[in-house]
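[1] Sharing a model prediction with you, sequence too.
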Amino acid sequence: QVQLVESGGGLVQAGGSLRLSCAASGSTFSTYVMGWFRQAPGKEREFVAHVNWSGSSTYYADFVKGRFTISRDNAKITVYLQMNSLKPDDTAVYYCAARSFPSGSYYNRMDQYNYWGQGTQVTVSS
């Protein structure tokens, strides 16, 4: 069983930056694909980014390319989401997710992930 705990959310002005962290438990973290999703009020949860087990491969939703960076530190059992040039449309609850036994290249659907965190609120003011 894997537990994921997000942190780093908060209130920021448009154009600002935040770094989200997701601390994981479990000895097999380094084998998991890790992803970030977000859910804005009244909207469905959507994919933001994912990173492979080693951190060497990443994939982003089009709306965050060039602004967000996902990374991981397997020694610290943590995955990060650096968010720059934030916009009011980025306001959402951000969720960390883990996929065990990855077997493909892209993990941009919720049903591809086994474990989820509780989420952290990000609010971007205009």
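    That came in fine, so what should we check first? This structure is a prediction, so every number in the text was calculated from the model and none was measured. Residues are numbered from 1 along each chain as shown.
[2] show me the contacts for the most centrally placed residue in the chain.
    The centre of the chain sits closest to W36, judged by Cα atoms, centre = their mean, with a distance of 2.2 Å. Residues in contact with W36 (Cβ atoms under 8 Å, 6 or more residues apart in numbering) are L20, C22, V48, A49, H50, I70, V79, L81, Y94, Y95, C96, A97. Every C-beta, even on glycine, is put in place using the N, C-alpha and C of the backbone.
[3] If we use 10 Å, what do you get?
    6, 20, 22, 47-51, 60-61, 64, 68, 70, 79-81, 83, 94-97, 117 (Cβ atoms under 10 Å, 6 or more residues apart in numbering).
[4] Ok, W116 next?
    V2, Q3, L4, E6, G35, F37, R45, Y95, C96, A97, A98, M110.
[5] surely the first one meets F29?
    Yes - applying Cβ atoms under 10 Å as the test, V2 and F29 come out as touching, 7.3 Å apart.
[6] anything in contact with each of those two?
    Joint contacts of V2 and F29 (Cβ under 10 Å, 6+ apart) are I77, A98, S100.
[7] can you give me the strands in this protein?
    Counting by DSSP state E, the chain has strands at residues 4-7, 10-13, 18-24, 33-39, 46-51, 58-60, 68-73, 78-83, 92-99, 115-116, 120-125.
[8] Help me confirm that N108 comes into contact with R45.
    No - using Cβ under 10 Å, N108 is not in contact with R45; the gap is 11.6 Å.
[9] where do the contact lists of these two overlap?
    With Cβ under 10 Å, 6+ apart as the test, N108 and R45 both reach F37.
[10] how close does Q118 sit to V5?
    7 Å (Cβ to Cβ, to the nearest Å).
[11] separation between D73 and S54?
    Here D73 is placed at a distance of 11 Å from S54 (Cβ to Cβ).
[12] before we move on, what about Y115?
    Taken as Cβ to Cβ, the span from Y115 to S54 is 19 Å.
[13] Looking at the two, which is more packed in?
    Each of Y115 and S54 has its neighbours counted (other Cβ atoms under 10 Å); Y115 has more, 18 against 10.
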